[in-house]
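K.L.:
Fold the stuff below for me.
(one chain, ligands or ions: 3)
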Amino acid sequence: MASYKLLLLPGDGIGTEVMGEVSRLIDWVNDSGAATIETETDLVGGCAYDDHGEAISDATMKTALEADAVMLGAVGGPKWDGVAYDKRPEAGLLRLRKDLELFANLRPAICYPALADASSLKRELVDGLDIMIVRELTGGVYFGEPKEIIDLGGGQKRAVDTQVYETYEIERIARVAFDLARKRGNLVHSAEKRNVMKTGVLWNEVVTQVHKADFADVKLEHILADNCAMQLVRAPKQFDVIVTDNLFGDVLSDEAAMATGSLGMLPSASLGATDDKGMRRAMYEPVHGSAPDIAGKGAANPIATIASFAMCLRYSFDMGETADRIERPIADVLDQGLRTGDIRQAGCKTVGTREMGDAILKALA
Ligand code: NAD
Ligand code: IPM
Ligand code: MN
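P.N.:
Ligands and ions are numbered 1, 2, ... in the order given. Below you'll find the predicted structure:
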């Protein structure tokens, strides 16, 4: 039987609550005999800072590098607002992405039929929605140098963030997007701001070259990122795959989440390059954060994290069938009218994190 090493990093706030439901699904997979998933649990984010003064330790990084995959809950919260910039909880997440070289972040936004009325957009705009945002994750303004605040004296400061992209970084993320589009609706929108940014000019140029050389069968549209944001709320179903940089991808994916009903519904996979043995590093996490406003109440929606675990089974453990078996009950429990607070609807039963997890496990069995 295949055996995999999975590192669990629940993190902070609702991260620990939603990860608790994934732990129960891992037990279910192990009991089912489909594979053996060996887990190790460690600290990242504010809890790691509280424990040893860093958002992630070198030892945890080593475990992550050796694991077959990593599952992360969420990091951050107001408790760590005063912490030094390089030690803040988010720095742990960014180090994981950078050191594992997870350049491709897949953020699928799917509107389950039962939730078409839970979206802040009209039912007809979102019913049947299935888009994939492909966010570049290890470059751009998140990591560009210089990144600093300079004291100019006289009460004045200058803050600098630097947006940098090189050809190879754009090429490899474009390939991921075109490959995915071929297996879906065969359409890619490449979003940048070539009208004001040099990185946008290069992004546009490289995506066009990759398309022409190897993916001419896929339909490509270039779209300015601000228009893309507007189109996502005007008519989201016009999109299939959207490929974009690190910062635009962060913003556009939160926006797309609302078309599905809630940020609590959006999973993600962060993938590295495939090596010559066909292996790739990967981390799976919900798109949402630690939700300090509801943390500790057992009210968080665990679906984004459960769906991220399904992506882990599909992309890292070659267990597509088991992933399907986990995704189907998500639709079933929504059809049965169960809702966490974020997707609350008249006529439906509002449940907590644990009850939602219970219902999904029951539907699985
Ligand atoms: P957030 O995603 O934590 O919350 C935004 C809103 O969505 C809140 O009202 C929250 O209650 C709601 N929400 C999010 N996930 C939910 C879920 N599963 N179920 C129900 N409701 C949910 O964003 P924020 O408030 O801007 O950030 C809080 C902290 O989380 C910050 O420190 C931020 O840096 C961090 N953050 C971490 C990650 C991550 O770890 N990947 C992602 C985003 C934000
Ligand atoms: C996300 C988050 C992170 C990001 C933060 C917490 C560093 O918002 O995963 O979407 O900006 O990438
Ligand atoms: Mn985000």
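K.L.:
For the stretch 51-200 of the chain, what lies in contact range of ligand 2?
P.N.:
76, 90, 93, 94 (Cβ under 6 Å from any ligand atom). (C-beta placed from N, C-alpha, C; glycine too.)
K.L.:
same thing but at 5 Å, please
P.N.:
Residues of the stretch 51-200 of the chain found near ligand 2 (Cβ under 5 Å from any ligand atom) are residue 90.
K.L.:
the helices in the stretch 51-200 of the chain, which residues?
P.N.:
58-66, 89-99, 123-126, 167-182, 198-214 (DSSP state H, counting those that start in this stretch).
K.L.:
To ligand 1, which of these lies closest?
P.N.:
With Cβ to the nearest ligand atom as the measure, helix 89-99 is the member of the helices of the stretch 51-200 of the chain nearest ligand 1 (5.0 Å).
K.L.:
and that closest one with helix 58-66, angle?
P.N.:
In terms of direction (axes from the mean of the first three to the mean of the last three Cα atoms, to 10 degrees), helix 89-99 departs from helix 58-66 by 40 degrees.
K.L.:
Arrange the helices of the stretch 51-200 of the chain in a markdown table, one row each, with mean neighbour count, mean pLDDT and distance to ligand 1 as further columns.
P.N.:
Formatted as a markdown table, these follow (neighbours: other Cβ atoms under 10 Å; pLDDT from 0 to 100; distance: least, Cβ to the nearest ligand atom, whole Å):
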| stretch | mean neighbour count | mean pLDDT | distance to ligand 1 |
| --- | --- | --- | --- |
| helix 58-66 | 15 | 98 | 15 |
| helix 89-99 | 21 | 98 | 5 |
| helix 123-126 | 15 | 97 | 18 |
| helix 167-182 | 20 | 98 | 19 |
| helix 198-214 | 17 | 98 | 23 |
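K.L.:
Would you convert these into a markdown table that also reports distance to residue 160?
P.N.:
A markdown table is the format used below for the helices of the stretch 51-200 of the chain (distance: least, Cβ to Cβ, whole Å):
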| stretch | distance to residue 160 |
| --- | --- |
| helix 58-66 | 27 |
| helix 89-99 | 18 |
| helix 123-126 | 39 |
| helix 167-182 | 21 |
| helix 198-214 | 15 |
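K.L.:
Excluding chain neighbours, what is closest to the residue in the stretch 151-300 of the chain that ligand 2 sits nearest to?
P.N.:
Ligand 2 sits closest to residue 250 of the stretch 151-300 of the chain, with a gap of 4.5 Å, by Cβ to the nearest ligand atom. Nearest residue to residue 250, sequence neighbours excluded (Cβ to Cβ, 6 or more residues apart in numbering): residue 135, at 6.8 Å.
K.L.:
Would you quantify the distance from that neighbour to ligand 1?
P.N.:
12 Å (Cβ to the nearest ligand atom, to the nearest Å).
K.L.:
what does the model give that residue for pLDDT?
P.N.:
pLDDT recorded at residue 135 is 98.
K.L.:
Just list whatever residues bridge to it.
P.N.:
In this structure, residue 135 bridges to residue 105, residue 244 when assessed by DSSP bridges.
K.L.:
In contact with the closest residue in space to residue 114 that isn't next to it in sequence, which residues are there?
P.N.:
Distances taken as Cβ to Cβ, 6+ apart place residue 334 nearest to residue 114, at 3.9 Å, with adjacent residues excluded. Neighbouring residues of residue 334 by Cβ atoms under 8 Å, 6 or more residues apart in numbering: 112, 114, 115.
K.L.:
swap in residue 251?
P.N.:
Neighbours of residue 251 in contact, by Cβ under 8 Å, 6+ apart: residue 229.
K.L.:
what's the average pLDDT for the strand or helix carrying it?
P.N.:
Assigning secondary structure by DSSP states H and E places residue 251 in helix 246-260. Averaged across helix 246-260, the pLDDT comes to 97.
K.L.:
Distance of the closest residue to residue 340 other than its chain neighbours relative to ligand 1?
P.N.:
Spatially, and ignoring its direct neighbours in sequence, residue 340 is nearest to residue 301 (4.0 Å; Cβ to Cβ, 6+ apart). Going from residue 301 to ligand 1 by Cβ to the nearest ligand atom gives 3 Å.
K.L.:
what's the answer for residue 50, then?
P.N.:
14 Å.
K.L.:
confidence score at the residue nearest to residue 316 when sequence neighbours are not counted?
P.N.:
Excluding the flanking residues, the one nearest residue 316 by Cβ to Cβ, 6+ apart is residue 69, at 4.1 Å. As predicted, residue 69 sits at a pLDDT of 98.
K.L.:
what sits against residue 69?
P.N.:
Shown in contact with residue 69 (Cβ under 8 Å, 6+ apart): 4, 5, 6, 7, 282, 283, 284, 312, 316, 317.
K.L.:
Now, those residues that are in helices?
P.N.:
Secondary structure from DSSP state H places residue 312 of the contacts of residue 69 in helices.
K.L.:
Quick one: the contacts of residue 69 as TSV, columns for distance to ligand 2 too.
P.N.:
Output for those, formatted as TSV (distance: Cβ to the nearest ligand atom, whole Å):
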residue	distance to ligand 2
4	24
5	23
6	19
7	17
282	15
283	10
284	12
312	16
316	19
317	22
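K.L.:
in the helix holding residue 251, what's buried?
P.N.:
For helix 246-260, a neighbour-count test (16 or more other Cβ atoms under 10 Å) marks 246-250, 252-253, 255-260 as buried.
K.L.:
helix or strand right after that helix?
P.N.:
Taking DSSP H and E, what comes next after helix 246-260 is strand 269-271.
K.L.:
And the contacts of that following strand?
P.N.:
Applying Cβ under 8 Å, 6+ apart, the contact partners of strand 269-271 are 97, 100, 102-106, 137, 176, 280-285, 308, 311-312, 315.
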